[in-house]
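Undergrad: Any chance you can model this:
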Amino acid sequence: MSHVYDLCKGKNICEGGDEMDTTNPAEGSKSHGGCGRYQPTIRRVGLELTAEWKHKNEDSQEKKVPLIGEKVHEIFKNITDEECYILGMDPKFARPDWMIVSVLPVPPLCVRPAVVMFGSARNQDDLTHKLADIIKANNELIRNEQAGAAAHIISENIRMLQFHVATFTDNDMPGLPKAMQKSGRPLKAVKARLKGKEGRIRGNLMGKRVDFSARTVITPDPNLRIDQVGVPSFHCSKSNLSRNCDALQYRQNARACKKSVDIKVERHIRDGDLVVFNRQPSLHKMSMMGHKVKVLPWSTFRMNLSDTSPYNADFDGDEMNLHVPQSMETRAEILNIHLTPRQIITPQANKPVMGIVQDTLTAVRKMTKRDVFLSKEEMMTLVMFLPTWDGKLPIPAIIKPKPLWTGKQLITLIIPGNTNCMRLHATHPDEETNGPYHWISPGDTRVLIEHGELVMGILCKKSLGTAAGSLLHVSQLENGHEINGRFYGNIQTVDIINTIRKAKDEVTEVIQKAHSDELEATPGNTLRQTFENKVNRILNDARDKTGGSAKRSLTEFNNFKVMVVAGSKGSDINVSQVIACVGQQNVEGKRIPFGFIKRTLPHFIKDDYGPESRGFVENSYLAGLTPSEFYFHAMGGREGLIDTAVKTAETGYIQRRLIKAMESVMVCYDGTVRNAVGQLIQLIYGEDGLAGEYVEFQTLKTISLSNHTFEKKFKFDPTNERYVRKLFTDDVLREMVGSPEVVAEIEREMDTAIMIWNAQKIFHINKRAPTDLSPLKVITGVRELVKRCVIVRGLDKLSTQANDNATTLFQCLVRSTLCTKLVSETHRLSEEAFECTPGEMVGAMAAQSIGEPATQMTLNTFHFAGVSSKNVTLGVPRLKEIINISKKPKAPSLTVFLTGSAARDAEKAKNVLCRLEHTTLKKVTANTAIYYDPDPQNTFIAEDQEFVNVYYEMPDFDQSRISPWLLRIELDRKRMTDKKLTMEQISEKINAGFGDDLNCIFNDDNAEKLVLRIRIMNSDDSKDTDEEQADKNGGRHVLKMHRSKHAL
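TA: Numbers count the residues shown, from 1 in each chain. Coordinates of the predicted model:
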């Protein structure tokens, strides 16, 4: 429709008629089949349309004709079905003439119910009143037409009828008075009832209150599994489940159903029934998950603590909703798609969305330390809580003087059998990784799990949290959702004063540098901004350093430290603020601004830029804050609260827009991604067809080794007999030696010496025994596996190219690491699992994956000053700019990567920066002044006389036009040199901006002071005007120009 309008809006004549084209024979030869008449201009005033003609062959008299609804309906009716298609309409469902109301549908009484007042009086709905007005106006029109009333009376009746019909539909039309009741209240029309959040569509159809649901407060219960929800017995008796009574269930339902088989009965919900659990706002698909009912006493819903992360729930009074499915199809979907263990890995980030939290995480860390031993009584007591325990205890680690089991052995009983994982503890020192004892890990910070056995390491949030590659992630991928879901349930069952003093000294040093003009401005920032950024960074670092030293000074038995190290609650910043120092308070990402005249509070002297007066809180919560520190802390806290309140609405609206734009986009059975009307969005989902849940992050070892080291590590040498005898059995050896083809293949494929650690553990491969696996079989197996990696099926060129794009990285990984027959077989088994499921609503998933993290962002994510000198928009405002495709970003920035010699030469890099960076005259100006200097050639400013004389020796303009007012700008040499600017460049820019209206002269770049002298050039016709008036005008122009800042 918009394309047709753009093409037609410039056309005034319906081209093609011969009778109208006689004036121009050339045009008459072109026939487009039109009527050749002029098109009128349509104007609307209120509800009335007027067609206006202005023929070029006639006089300038305008011709106006009112367009009544009947005429418009007739014009629209003449539009053919073919033309409807061109306009973008399907004539089966929408024709233009349907926009004109010829038959008014009357809504039934349930849409406009009458309210019964006290006694027998009935109060009718607004729509009923409006329908009565329409009938009255229509009857009046019929009566006047039959009586032959005057034309103006009939047109008034038509206008009144049209007004009533229009306000019946929409009572908020601009330029139209609102229809009101006798009391003066505007009537609520049909449109007002349908539109908006509270309207019929969004309030009663898209979202509504439903039956078979329950809502109450949630509380924790670590004894429940993650796929269970504790439901109060009171709710169970109120919520019913309808089901068909078949022969197998007849005995169970005998009391409820005494008739026959195939009778639908209703019963109360009981243990094991499937329900949907939901917490609002439902930001992503994990906000609604399937659970199994566990009937419990008391009045709250109970849930496992690991479930709180995806729901974003806490137990400070949160309420949640429970929905009981009523059909077997829904229950099957919940069991196979919706159940909590199936939702552990999120496609948003390919990692677990729930981990071990709170007390359990703290306890697991304590239990897996090296010095934890359990007696038989303690061990038996603990394994009794383990549902999967097979009744056998492992051999105790210590036998004499009495049997003792380690904490690691207890955890091994919980970890599923087929799990292999390597992680690092949160406190793992970096230098240990490449140190001489990296294989033994003196601090027990290297976590190693082989075949479900915790061999070494202390478990913490890195291993049991929501990180990609964590133990929970590996367990889900290796063992499936059921076993991993059970695993979740089974495992739950001093230096400070010096740092602050040093930070204060550094701040004092920066202040002194700023006073002595030694501080250098960072790119894109003024000197004051640079100063503030540096000070803020120093003070923020001080808080982090004091926290680190405070944490080191605490013992291993300090409960606060235990929680932070385990990762169950708290962070280093919390430790720092409680026992070291609260740190710098920021408002809008900057230090506390001056609220009074040149000071923050009356407690401080004026112009105090020190840490204390600008919001640095030196004390800790433990020591207590001074009154001024408390005030600054409250200012910082207030901003956080306001941000939280505002961001919820902002991000909620962003997510709603994203979801409404993409809600119908899904993966079809042919692998393409399409929307509801069949439009093609992607030829293959994500351009690789892989399901987000199954994508893993892999480390591909790139060739950063020397040629000799690389050959030593990867090249297989079949001519080295001693080495080959160690690796292979005699049969394989004979085959290799006797076959030159095998040797040639091996030399081409240089990766057969690598063995997959995971496969060694799963299949118990002895690394010291010779292998019976022929290298030729390995090479063939890897090739076959690579060939079988087909995601995009088809032999045409496009399909082959798409498949190559999707599998290139996987092929690299296979060729560099997967070189055993057993691993090849293992991967063949799980190929199909990686393909994206047809029917997956990827549009909604994509919108949720963007919207859910957006709600976690603060509304204005400020750069902690000093981290970067770039002034960029972050957080929600930046997200809004991207989604709205903003043509004028708030803070545009440019990151330029230099190549060649400029990348290594600081001077050349500075030149590029100076040429790109936006510089205004204000940035290089030292001072400005306006003088009344009537004689341009003999200035009264003595130091300028020399270069003025040189300039006026050969003037190239009319000197009588020069204004007596002078704007003198003195430029800062240091900034000019830093920006690599010359006086000539600045003068050229000023002349380019103002042309002949200004006269600009300047002195030499090597002069002691860099001076620009600017005068306004009066126009020729102003010579005869009064001289005093000219002086006034000239002065006003100079002031105006002085205020404007023109870019160089």
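
Undergrad: what residue ranges in the stretch 401-550 of the chain are flagged as low confidence?
TA: 435-438, 493-499, 515, 517, 523-524 (pLDDT under 70).

Undergrad: all strands for it, in order.
TA: In the stretch 401-550 of the chain, the strands defined using DSSP state E, counting those that start in this stretch lie at 405-406, 421-424, 446-450, 453-456.

Undergrad: and those, which is most packed in?
TA: Highest mean neighbour count among the strands of the stretch 401-550 of the chain (mean count of other C-beta atoms under 10 Å): strand 405-406, with a mean of 22. C-beta coordinates here come from the backbone N, C-alpha and C atoms, glycine included.

Undergrad: Would you mind pulling up the elements that it packs against?
TA: Contacts defined by 3 or more C-beta pairs under 8 Å, 6 or more residues apart in numbering; DSSP states H and E place strand 405-406 against strand 373-374.

Undergrad: strand partners of the strand it packs on, parallel vs antiparallel please.
TA: In the sheet, strand 373-374 lines up against strand 405-406 (antiparallel) (DSSP bridges).

Undergrad: what residues does stretch 632-651 touch?
TA: Around stretch 632-651, the neighbours that count as contacts under C-beta atoms under 8 Å, 6 or more residues apart in numbering are 582, 585-588, 592, 600, 615, 617, 625, 851, 854-855, 857-860, 876, 880.

Undergrad: Pull the contacting residues for the nearest residue to Asn675 once chain neighbours are set aside.
TA: Take Asn675 and drop its neighbours on the chain: the residue closest to it by C-beta to C-beta, 6 or more residues apart in numbering is Ser664, 4.7 Å away. By C-beta under 8 Å, 6+ apart, the contact list for Ser664 reads 675-676, 843.

Undergrad: Three-state assignment for Lys64, please.
TA: strand (DSSP: H, G, I helix; E, B strand; the rest coil).

Undergrad: Pretty sure Lys54 is one of the things it touches, is it not?
TA: No: Lys64 lies out of contact with Lys54 (C-beta atoms under 8 Å); the separation is 10.2 Å.

Undergrad: Now do the same for the residue nearest to Leu141 when sequence neighbours are not counted: helix, strand or coil?
TA: Counting by C-beta to C-beta, 6+ apart, Leu141 lies nearest to Asn157, which is 4.1 Å off, once chain neighbours are set aside. Three-state assignment for Asn157 (three-state DSSP): helix.

Undergrad: What helix or strand is Arg657 located in?
TA: helix 627-662 (DSSP states H and E).

Undergrad: I'd like the next helix or strand past that helix.
TA: strand 666-667.

Undergrad: Pairing partners for that following strand, with directions?
TA: strand 673-674 (antiparallel).

Undergrad: By average pLDDT, which secondary structure element in this protein comes out worst?
TA: Every helix and strand in the chain was compared by mean pLDDT, DSSP states H and E; the lowest is helix 821-829, with a mean of 36.

Undergrad: Just the C-alpha atoms of the helix or strand following that helix, please, in PDB.
TA: Sequence order places helix 842-856 as the next helix or strand after helix 821-829, per DSSP H and E. C-alpha atoms of helix 842-856 as PDB (Å, rounded to 0.1, in the frame of the first residue of the first chain):
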ATOM      1  CA  VAL A 842      12.900 -19.600  17.900                       C
ATOM      2  CA  GLY A 843      11.500 -16.100  17.500                       C
ATOM      3  CA  ALA A 844      10.100 -16.000  21.000                       C
ATOM      4  CA  MET A 845      13.200 -17.700  22.300                       C
ATOM      5  CA  ALA A 846      15.500 -15.100  20.700                       C
ATOM      6  CA  ALA A 847      13.300 -12.200  22.100                       C
ATOM      7  CA  GLN A 848      13.500 -13.800  25.600                       C
ATOM      8  CA  SER A 849      17.200 -14.300  25.300                       C
ATOM      9  CA  ILE A 850      17.700 -10.600  24.800                       C
ATOM     10  CA  GLY A 851      14.900  -9.300  27.100                       C
ATOM     11  CA  GLU A 852      15.700 -11.400  30.100                       C
ATOM     12  CA  PRO A 853      19.400 -10.200  30.600                       C
ATOM     13  CA  ALA A 854      18.200  -6.700  29.800                       C
ATOM     14  CA  THR A 855      16.100  -6.600  32.900                       C
ATOM     15  CA  GLN A 856      19.200  -7.600  34.900                       C
END
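
Undergrad: tell me which residues of helix 842-856 are tucked away?
TA: Neighbour-count burial for helix 842-856 flags 842-852, 854-855 (criterion: 16 or more other C-beta atoms under 10 Å).

Undergrad: How about stretch 63-81?
TA: Quick answer for stretch 63-81 (16+ other C-beta under 10 Å): 67, 69, 72-73, 79.

Undergrad: Adding pLDDT, secondary structure and distance to Met320, write those residues out as JSON lines.
TA: Formatted as JSON lines, those follow (pLDDT from 0 to 100; DSSP: H, G, I helix; E, B strand; the rest coil; distance: C-beta to C-beta, whole Å):
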{"residue": "Leu67", "pLDDT": "87", "secondary structure": "strand", "distance to Met320": "58"}
{"residue": "Gly69", "pLDDT": "87", "secondary structure": "helix", "distance to Met320": "54"}
{"residue": "Val72", "pLDDT": "92", "secondary structure": "helix", "distance to Met320": "54"}
{"residue": "His73", "pLDDT": "93", "secondary structure": "helix", "distance to Met320": "54"}
{"residue": "Ile79", "pLDDT": "91", "secondary structure": "coil", "distance to Met320": "54"}
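
Undergrad: with the residues you listed in mind, which one is nearest to Gly443?
TA: Distance ranking of these against Gly443, using C-beta to C-beta, places Ile79 first at 81.6 Å.

Undergrad: contacting residues around that closest one?
TA: If you count contacts by C-beta under 8 Å, 6+ apart, Ile79 has them with 87, 95-97.

Undergrad: where does the helix holding Arg657 sit relative to the chain's centre, distance-wise?
TA: Helix 627-662 has its C-alpha centroid displaced from the chain centroid by 15 Å (C-alpha atoms, centre = their mean, to the nearest Å).

Undergrad: do stretch 924-940 as well
TA: 55 Å.

Undergrad: Start and end of it, how far apart?
TA: 25 Å (C-alpha to C-alpha, to the nearest Å).

Undergrad: Quick check: buried residues in that stretch?
TA: Buried, per 16+ other C-beta under 10 Å, within stretch 924-940: 924, 933, 936, 939.

Undergrad: Secondary structure element holding the residue nearest to the second one when sequence neighbours are not counted?
TA: Read it as Asp933. Distances taken as C-beta to C-beta, 6+ apart put Leu966 closest to Asp933, at 4.4 Å, once the chain neighbours are dropped. Using DSSP H and E, Leu966 sits within strand 965-971.

Undergrad: Let me know the average pLDDT across the helix or strand just after that strand.
TA: Moving toward the C-terminus from strand 965-971, the next helix or strand (DSSP H and E) is helix 973-979. Averaging pLDDT along helix 973-979 gives 85.

Undergrad: For whatever helix or strand comes next after helix 973-979, list every residue counted as buried.
TA: Next along the chain after helix 973-979, taking DSSP H and E as the criterion, comes helix 983-994. Residues 983, 986, 989-990, 994 are the ones in helix 983-994 that count as buried (16+ other C-beta under 10 Å).

Undergrad: Farthest-apart pair in these, please.
TA: Once C-beta to C-beta is applied, the buried residues of helix 983-994 give Met983 and Phe994 as the farthest pair, at 16.7 Å.

Undergrad: any idea which residue sits dead centre in the chain?
TA: Computing the C-alpha centroid of the chain and ranking residues by C-alpha atoms, centre = their mean puts Ile850 first, at 3.8 Å.

Undergrad: how about the strands in the stretch 151-300 of the chain?
TA: Under the criterion DSSP E, counting those that start in this stretch, the stretch 151-300 of the chain contains strands at 213-220, 228-232, 240-244, 264-268, 274-278, 288-296.

Undergrad: Against which helices or strands is the fourth one packed?
TA: Helices and strands touching strand 264-268, as assessed by 3+ C-beta pairs under 8 Å, 6+ apart, comprise strand 240-244.
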